[in-house]
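Colleague: Here is a sequence together with a model predicted from it:
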Amino acid sequence: MALNVGQILGDMVGAAKSTAADQWGEIKTAVTFEMRMLAQRIVQIVKLRTSGQIDNEDAKLFFLMARNNGVAAIAMATALTGIAVQKIMDAALGVVRTAVNSAIGFTLI
Amino acid sequence: MALRSVFVALVAAFLLAACNSMLVSPYDPAIEAGLDDYSKSMSAFLKSQEQNTASATSLYSSTQSKEFYRDSEATLSNVILHAEAVSNRPDCVPQLADNFGLTQLISGIDSAREFQGLPDDDPTLSVNLQSGSCTVVALKAVRANNSILEAMHRKNGRLSPGAAMLVRGLLEDSIRIALRIEKAKRV
């Protein structure tokens, strides 16, 4: 079975684009949500301190918790990107799997 | 000729995929289960702190509090151990995070911390992107925040309702972030 590079490329790029759009939307939503939560928590820390419900030392500990969550959010964005890239590659290779395996005569992909 | 080009493209694709698979460790159900267990016990413990502020059980020195801190530390350490066992990276590379402007945000927070005279990083209370793979970093953030809860509880003897509510919110944020990573690997 002859393989057409143009056809395979078109299929792979089409699958990659579609998957990338979905993945990017999910990452953007997740990161935006966590950043909004971080901002809300910082506002809550200030409110608790200014209303006298916590002292300065507690405020600093709360701030450290918020900071840890900020670092974790960066880790999440990075991890989700790695997972997305893997899914994009899987989708791109998945659409040409049958054609390539048939052409080569064994299960390559 | 056409087939050869396809092979070249496929080899390149596989190499790319291999490199990318190094970015994220595989899904481990023990991590999700451990986070779920911790989430339930933490939520029950802190809701009890919010509602029974005058009760002896809400004191740091109470048996209930001691049990919670002992068990939660064990659960979270076990989850981190699982993540480290399948981890394929020594740190979390924040390349894309830079594009989001997130690392600048953290630098800003750190500057504010220094300005406010916060103590130097205590490894048990803080986490950074060099603490392990991205999964490990997120899990260590949960454990660090649980340690901060204990430090605050120890210092004050008991938690005020407002403090208990805020600490619960911050811990739920930590758990949600870590769970989001693990669940994304599963799909």
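Modeller: Here it is on my side, so go on.
Colleague: Does the helix or strand residue B:44 falls within reach chain A?
Modeller: Counting by DSSP states H and E, the element that carries residue B:44 is helix B:29-51. No - using CB under 8 Å from any CB of the partner chain, helix B:29-51 stays clear of chain A, coming no nearer than 12.3 Å. Where C-beta positions appear, they are placed from N, C-alpha and C, glycine not excepted.
Colleague: And the next helix or strand past that helix?
Modeller: Next along from helix B:29-51, by DSSP H and E: helix B:63-86.
Colleague: outside of that following helix, which residues touch it?
Modeller: B:25-26, B:28, B:30-31, B:34-35, B:37-38, B:41-42, B:45, B:48, B:57-59, B:132-133, B:135-136, B:139-140, B:142-143, B:146-147, B:150, B:153 (CB atoms under 8 Å, 6 or more residues apart in numbering or on different chains).
Colleague: does residue B:25 sit in a helix or strand, and which one?
Modeller: For residue B:25, there is no host helix or strand (DSSP H and E).
Colleague: right, and it touches residue B:88 too?
Modeller: Yes - using CB atoms under 8 Å, residue B:25 is in contact with residue B:88, at 5.7 Å.
Colleague: Pull up the overlap in contacts between those two.
Modeller: residue B:133.
Colleague: So which of the two has more stuff around it?
Modeller: Neighbours per residue (other CB atoms under 10 Å in any protein chain shown) separate residue B:25 from residue B:88, with residue B:25 holding more: 26 against 11.
Colleague: Please name the residues that touch the more buried one.
Modeller: For residue B:25, the contact set (CB under 8 Å, 6+ apart) comprises B:83, B:86, B:87, B:88, B:89, B:133, B:135, B:185.
Colleague: can you list those residues in a markdown table and add pLDDT and distance to residue A:28?
Modeller: Conversion of these to a markdown table gives the following (pLDDT from 0 to 100; distance: CB to CB, whole Å):
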| residue | pLDDT | distance to residue A:28 |
| --- | --- | --- |
| B:83 | 95 | 25 |
| B:86 | 89 | 27 |
| B:87 | 86 | 26 |
| B:88 | 77 | 26 |
| B:89 | 80 | 24 |
| B:133 | 91 | 23 |
| B:135 | 95 | 21 |
| B:185 | 91 | 19 |
